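Visitor: Everything below, folded, please.
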Amino acid sequence: MKISTRLLVALALAVAARAAEPAPAPQYFTAAGFDWRAVVSPPPADDSVAGRADQEIVVQLDLHRTPEQVMLAKRYEKPLEEFAFMAPVLGAWCTPENLPRTRAFFKQANADSRPVVDAAKAAWNRSRPYVFNPALHPAVEKPVNASYPSGHAYTASWIAALLSAALPELAPDWEQQAALIRWSRLVGGAHYPADVTAGQMLGEAVAREMLKSPQLQHDLEEVRAEIRAHLVKKAA
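Guide: The predicted structure is shown next:
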C-alpha cells in the first residue's frame, strides 16, 4: 500500500512532537533488570569469517541496489515509530489523532524498551558500514550512532510482536512489515546483516518480557478495542 504525502507529513509531525515530550516512568518493562548480553552475542570481529561476510554482503548490496530498494530505504530511514509501522497494513486512517490510546500505549512501550538497544549499541560501538568502508554509497541519511544492534530492526520486531498479540488475525502482516523494515536497513546501506539479526533477536526477547506484564496486557486490550472499532467502521 502506498503511503500518501499527507500521511507522511502527519507522521513526521507526530515524531517531532513526541521527541519534545519527557519520557514516562517504566510501567511494562524495566530495562535495567534485563540481561541483553544473554540474548545477543558481540558483533563479529572485522577480520573474522563472519565479519568479512558482513562486509562483502554490504558491498554487493551497494553495487546492485535497485531504484525500488532506494525508495524502500528512504521510506523508513527516519527513527521508526508505530504509526509508520501500522499505516501500510491498516490504511491512511491509522494516525495518532484517530488512535490516541494506541499512541499512548506505544509511547510507554518505547520509553520502557529503548534503553536496552541503546545500552547494547554503546557497549559494542560497532562502526557503521560506510564508516568502516568509505567507498560505500548508502541510500539513506548516515546515522552517527553505533551500528550493532540495529535500532530499526529492534523496534520493528517488538512492535510486530505486541501488535500480533493484540490483533493475532493480522500477525502475518505485522511480521511481514517488520521483515520489510529490517530489509530496508540492509538495502539502504545503514547496517550489516549481523546488526539486523541482533536487533530482531533483541526486540523479540524484550517483547516476550513486556507481554508478561499485567499492566501491559490490560492496556493492550484497550489498544485492541480501539483499533478494531475503526476496522469495523471502515468495513461498514
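
Visitor: Show me where this protein has its helices.
Guide: 5-19, 49-63, 67-75, 82-90, 100-124, 129-132, 151-166, 171-187, 193-210, 214-235 (DSSP state H).

Visitor: Let's have those in TSV, adding mean pLDDT.
Guide: Shown next, in TSV, are the helices of the chain (pLDDT from 0 to 100):
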stretch	mean pLDDT
helix 5-19	51
helix 49-63	98
helix 67-75	97
helix 82-90	96
helix 100-124	97
helix 129-132	97
helix 151-166	98
helix 171-187	98
helix 193-210	98
helix 214-235	93
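
Visitor: Between those, which one is closest to Lys142.
Guide: helix 129-132 (6.1 Å; CB to CB). The C-beta positions use only the backbone N, C-alpha and C, and glycine is treated the same way.

Visitor: what packs against that closest one?
Guide: helix 49-63 (3 or more CB pairs under 8 Å, 6 or more residues apart in numbering; DSSP states H and E).

Visitor: Kindly export the helix it packs on (C-alpha atoms) in PDB.
Guide: Output of helix 49-63 as PDB, limited to C-alpha atoms (Å, rounded to 0.1, in the frame of the first residue of the first chain):
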ATOM      1  CA  VAL A  49      34.900 -15.000   8.800                       C
ATOM      2  CA  ALA A  50      31.600 -13.600   9.900                       C
ATOM      3  CA  GLY A  51      32.900 -10.100   9.900                       C
ATOM      4  CA  ARG A  52      34.200 -10.400   6.300                       C
ATOM      5  CA  ALA A  53      31.000 -12.000   5.200                       C
ATOM      6  CA  ASP A  54      29.100  -9.000   6.600                       C
ATOM      7  CA  GLN A  55      31.400  -6.600   4.700                       C
ATOM      8  CA  GLU A  56      31.100  -8.500   1.400                       C
ATOM      9  CA  ILE A  57      27.300  -8.500   1.600                       C
ATOM     10  CA  VAL A  58      27.000  -4.800   2.100                       C
ATOM     11  CA  VAL A  59      29.400  -4.200  -0.800                       C
ATOM     12  CA  GLN A  60      27.300  -6.300  -3.100                       C
ATOM     13  CA  LEU A  61      24.100  -4.600  -1.900                       C
ATOM     14  CA  ASP A  62      25.700  -1.300  -2.500                       C
ATOM     15  CA  LEU A  63      26.700  -2.300  -6.100                       C
END
